[in-house]
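Student: task: produce atomic coordinates for the following.
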Amino acid sequence: MNLGAAEEESPQEIHIPAEIDWQMLDKSKFFFLGAALFSGVSASLYPMVVLKTRQQVAYSELPCFRTAFSLVRHEGFRALYRGFGTSLMGTIPARALYMGALECTKSYVGTATVRMGFPEATAATIANAAAGLSAAMAAQLVWTPVDVVSQRLMVQSSSSIHYINGIDAFRKILNADGLRGLYRGFGISIMTYAPSNAMWWASYYVAQRLIWGGIGCYQAKKVVGEGNDNGANVYRPDSKTVMAVQGGSAAMAGSISALITMPLDTIKTRLQVLDGDENGRRGPTIGQTLRNLVREGGWAACYRGLAPRCASMSMSATTMITTYELLKRLSTKNPEGLIS
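Tutor: Have a look, this model is predicted:
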């Protein structure tokens, strides 16, 4: 990938490693290594998810650190990983679906938009947005039931029902509410994660171009690099610089997505965690859940857990994207062909 950014007197070209598309990947290595790498990442970030969920279902506003201190004090450090086993079991197939849909869509949509005459930058932005949308929708088929079970386990100390483990929770939810109970919040999950992912991947691509453009201008002023046939200065960033740009772009995209989709995520969590009525009546609707939240603490109640969610999504996005880019490089069929 080449990005030109410079002043007139000293044109600058940035040569960064080429984009790895679906056809370039060794699929078996890609999915096997992906399961191992992302399991480790999920383990490191899981406590933030627990804290976010606890804050969202609380009936009053509590600071993040106070929630964490209270949780550890009364329930021990293991409470920060309650439901992790169930979450991990679902993460592996959900991630496989996500990565497969992401790379396939990005590759085919990118090719189609270029053939339609779109500029390369516009085509890549559209392809990234479409890829994020399709990946989120595919993953939610597996992830929603896992999310329902793991979130019930996270908050069960404040619930009227006690679950022994993930299998017990799965069985009790299925017996009480049927398949519908396991897919509670599926619609709003799609409404939350599909646009969020589309926005994230499009923002990530745009943020990368902006950051590389800034680096290009900076390098042009320093007149660093060796001249090419056109008289331009050529800058070839090392792997650390590439990872830093990818991580910074991911953090920016993650924070934007977290802020915009926070109210939908809070409603989704409430719907998934609250049990159905003991008399067999259905649980609250999306509208009722929203009204209850506003009644409890005004519109600010929709943003409970924003701090840990922003922190979690930013750290997750940074960690995930650097891990994902590493995974693609480790899984490519022809590593020698990656240098542009």
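Student: show me the strands in this structure, by range?
Tutor: Secondary structure of the chain (DSSP state E): strands located at 2-4, 12-15, 226-227, 233-235.
Student: by mean pLDDT, show me the worst of those strands.
Tutor: Mean pLDDT across the strands of the chain is lowest at strand 226-227; the value there is a mean of 48.
Student: and the helix ranked longest in the chain, which residues are buried?
Tutor: Using DSSP state H, we find that the single longest helix of the chain is helix 186-222. By neighbour count on 16 or more other Cβ atoms under 10 Å, the buried set for helix 186-222 is 186, 188-209, 211-213, 215-216, 219-220. Heads up, the C-betas are built off the backbone N, CA and C, glycines and all.
Student: what does stretch 293-306 give?
Tutor: 293, 301, 302, 303, 304, 305, 306.
Student: one more: stretch 62-71?
Tutor: 64, 67, 68, 71.
Student: about what we covered before: report the mean confidence score over the longest helix of the chain.
Tutor: 82.
Student: likewise for stretch 272-285?
Tutor: Computed over stretch 272-285, the average pLDDT equals 60.
Student: span of it from start to end?
Tutor: 11 Å (Cα to Cα, to the nearest Å).
Student: who's in contact with stretch 67-74?
Tutor: For stretch 67-74, contacts defined as Cβ atoms under 8 Å, 6 or more residues apart in numbering pick out 47, 50, 51, 54, 55, 58, 62, 79, 80, 157.
Student: could I get the residues you listed in CSV, plus columns for distance to residue 139 and pLDDT?
Tutor: Shown next, in CSV, are these (distance: Cβ to Cβ, whole Å; pLDDT from 0 to 100):
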residue, distance to residue 139, pLDDT
47, 22, 88
50, 20, 86
51, 23, 85
54, 24, 81
55, 24, 80
58, 27, 73
62, 31, 71
79, 26, 84
80, 24, 87
157, 29, 63
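Student: got the CA positions of stretch 46-61 in CSV?
Tutor: Extracted C-alpha coordinates of stretch 46-61, given in CSV (Å, rounded to 0.1, in the frame of the first residue of the first chain):
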residue,chain,number,x,y,z
TYR,A,46,-13.1,-10.2,30.5
PRO,A,47,-13.2,-8.4,33.9
MET,A,48,-14.1,-5.2,32.1
VAL,A,49,-17.1,-6.9,30.6
VAL,A,50,-18.2,-8.1,34.0
LEU,A,51,-18.0,-4.6,35.5
LYS,A,52,-19.8,-3.1,32.5
THR,A,53,-22.6,-5.6,32.9
ARG,A,54,-22.9,-5.1,36.6
GLN,A,55,-23.2,-1.4,36.2
GLN,A,56,-25.8,-1.7,33.5
VAL,A,57,-28.2,-3.8,35.6
ALA,A,58,-27.7,-1.8,38.8
TYR,A,59,-30.7,0.3,39.9
SER,A,60,-28.4,3.2,40.9
GLU,A,61,-25.3,4.8,39.5
